[in-house]
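**Q** When you get a sec, could you give me coordinates for this:
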Amino acid sequence: MTDQTTPRGLDDQLCFALYAASNAMTRIYRELLEPLGLTYPQYLAMLVLWEQAPVNVKTLGDRLQLDSGTLTPMLKRMEQAGLVSRRRDPADERQLAVSLTEAGQAMRPAAARMQAELACRLPLPLADIVRLRGELQGLAAGLNAGQATGGQAE
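**A** The predicted structure is shown next:
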């Protein structure tokens, strides 16, 4: 039985393992994205746009798990950099659609090369990476579901 009055040590914490891994991964991405002129959140937005563009801002925010207060200034900077354009959706004037510009689309091959470089730096075989990604996606989904139900995961 565990003593519930004494907290476990730092190295026993799942949250710290996730935090340390996230920091290490972000440092690698920062280095690899610098030549593209992208921040990590901007890169994630570009991934969504390369999959499906145009996309409305709400959908983009949902996919990236970012609120509009964070997403709007980021998109504004990306628009100023000539990577995206934002326009009112003709089908629904209340919606703002984000599209890639030619420059944003032209960046895709460089991003693919960057992903290959990143894969070479990861200290895990592909099968382990795929398994780990699935486990982390499941963890995030479970935590989000628990949060939505007030801690009562179903």
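**Q** The residue lying closest to residue 117 once chain neighbours are set aside: how many residues sit nearby?
**A** Distance criterion C-beta to C-beta, 6 or more residues apart in numbering; nearest residue to residue 117, sequence neighbours excluded, is residue 32 at 5.9 Å. All C-beta spots, glycine's among them, are computed from the backbone N, C-alpha and C. Neighbourhood size, residue 32 [other C-beta atoms under 10 Å]: 19.
**Q** Repeat that for residue 97.
**A** By other C-beta under 10 Å, 19 other residues sit near residue 97.
**Q** Each with direction, which strands does the helix or strand in which residue 85 is found pair with?
**A** Assigned by DSSP states H and E, residue 85 belongs to strand 84-89. Using DSSP bridges, strand 84-89 pairs in its sheet with strand 92-100 (antiparallel).
**Q** Just give me the residue right at the centre of the chain.
**A** Residue closest to the mean C-alpha point of the chain, counted by C-alpha atoms, centre = their mean, is residue 44 at 4.6 Å.
**Q** Contact partners for it?
**A** By C-beta atoms under 8 Å, 6 or more residues apart in numbering, the residues touching residue 44 are residue 64.
**Q** quick revisit: got the CA positions of the strand holding residue 85 in CSV?
**A** Taking C-alpha atoms only, strand 84-89 is exported to CSV below (Å, rounded to 0.1, in the frame of the first residue of the first chain):
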residue,chain,number,x,y,z
VAL,A,84,-2.0,31.8,-45.7
SER,A,85,-5.0,34.0,-46.6
ARG,A,86,-8.1,34.6,-44.5
ARG,A,87,-11.4,35.3,-46.2
ARG,A,88,-15.1,35.3,-45.2
ASP,A,89,-16.7,32.0,-46.3
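**Q** Not counting its own residues, what contacts that strand?
**A** 45, 49, 54, 56-57, 75, 78-79, 95-101, 104.
**Q** hmm, back to that, give the helix, strand or coil label for the residue nearest to residue 117.
**A** Here residue 32 is helix, with the state taken from DSSP: H, G, I helix; E, B strand; the rest coil.
**Q** distance of it from residue 38?
**A** Distance, residue 32 to residue 38, using C-beta to C-beta, to the nearest Å: 10 Å.
**Q** now residue 84
**A** 12 Å.
**Q** Same question for residue 142.
**A** Taking C-beta to C-beta, one finds residue 142 at 30 Å from residue 38.
**Q** Which one's more surrounded, those two?
**A** The neighbour count for residue 142 versus residue 38, taken as other C-beta under 10 Å, is higher for residue 38 (23 against 12).
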